[in-house]
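>>> This is a predicted model, with the sequence first.
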Amino acid sequence: MQIRVIVADDHPVVLAGVQAVLERSPDTDIKVVGEARNGEELIELLKRCPCDVIITDFTMPGGRYGDGLQLISKLSSLYPNVPVILQTMVNNVGLLRDAVKGGALGLADKRSPMTELVQAVRTVAAKKAFISASLRERFEESELVKPTESGVELSPKELEVFRLYVGGLTVTKIAEKLNRSVKTVSTQKRQAMQKLGLEHDREMVIYAREHGFLE
């Protein structure tokens with residue numbers, strides 16, 4: 001029985017690569033029946049093109065349906081019986097957990113060999129959860145860190161720096177605005193990232209957007 005797949009990603013090279021891997025694997029039972037470049041294209045495509053599995057990126061700018069957790073929730077609401085694989089560079093455990101809670105049945109790491117997607121598609125098509133080995137390690141590592149009873153809390157100064165940084169100011173500009181040294185602001189930014197489990201500046205922006213720090 002053929003597994004029909006729709007792939008959503010804003011990078012044409014990724015779309016081509018995913019299709020090539022899925023359709024050229026030995027004894028393939030997978031067919032890419034549609035491609036989209038943002039959330040709006042994906043929703044519109046699903047209205048006219050039925051499929052068995054959706055593969056979507058986390059961050060895809062543009063489109064009235066948004067991306068990230070908002071898009072995953074929308075897909076889960078409109079197509080509850082179609083399993084979703086989130087294929088992403090995001091490795092923040094908090095965001096990935098939220099994605100699973102929102103309806104993603106599969107989590108595929110873009111840094112892993114793309115051939116892993118074949119297993120991911122077959123697994124979620126059978127209504128079973130799939131998580132890349134690299135992302136499973138992130139989940140396991142996070143379990144070793146016990147959260148405080150009140151949850152993650154940033155100090156007022158850390159929160160101030162966090163908001164200004166994701167709002168577009170550089171560390172130097174923040175230091176000038178708050179009348180602090182660049183070293184102090186850099187330390188507060190780093191401490192905020194550590195508390196939130198973020199490793200890269202891009203993850204800060206994603207976290208801020210998904211948790212209401214940015215409009």
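Received the coordinates, thanks.

>>> contacting residues around the closest residue to residue 127 other than its chain neighbours?
Taking Cβ to Cβ, 6 or more residues apart in numbering, and ignoring the residues beside it in sequence, residue 127 has residue 83 as its nearest neighbour in space, at 6.7 Å. All C-beta atoms are positioned from the backbone trio N, CA, C, and that covers glycine. Contact analysis of residue 83 by Cβ atoms under 8 Å, 6 or more residues apart in numbering lists 52-54, 105-106, 124-125, 127.

>>> do that again at 7 Å, thanks
Neighbour list for residue 83: 53, 105-106, 124-125, 127 [criterion: Cβ atoms under 7 Å, 6 or more residues apart in numbering].

>>> Apply the buried test to these and list what passes.
53, 105-106, 124-125 (16 or more other Cβ atoms under 10 Å).

>>> In strands, which of those appear?
Applying DSSP state E to these, the entries found in strands are 53, 105-106.

>>> re earlier: nearest to residue 167 among the buried ones among the contacts of residue 83?
residue 106 (33.0 Å; Cβ to Cβ).

>>> Show me the beta-bridge partners of that closest one.
Beta-bridge pairing for residue 106 (DSSP bridges): residue 85, residue 130.

>>> Unless I'm misreading it, it sits right up against residue 126, doesn't it?
No. Applying Cβ atoms under 7 Å as the test, residue 106 and residue 126 come out as separate, 11.2 Å apart.

>>> Do me a favour and average the pLDDT over stretch 119-137.
The average pLDDT for stretch 119-137 rounds to 92.

>>> Show me what counts as buried in that stretch.
In stretch 119-137, counting by 16+ other Cβ under 10 Å, buried: 120-125, 130-132, 135.

>>> One more: stretch 44-61?
For stretch 44-61, by 16+ other Cβ under 10 Å, it's 45-46, 51-60.

>>> Identify the farthest-apart pair in the residues you listed.
Largest pairwise distance in those, by Cβ to Cβ, is 24.5 Å, between 52 and 59.

>>> A strand includes residue 192, no?
No. Using DSSP: H, G, I helix; E, B strand; the rest coil, the assignment for residue 192 is helix, not a strand.

>>> show me the contacts for it.
Residues in contact with residue 192, defined by Cβ under 7 Å, 6+ apart, are 154, 158, 161-162.
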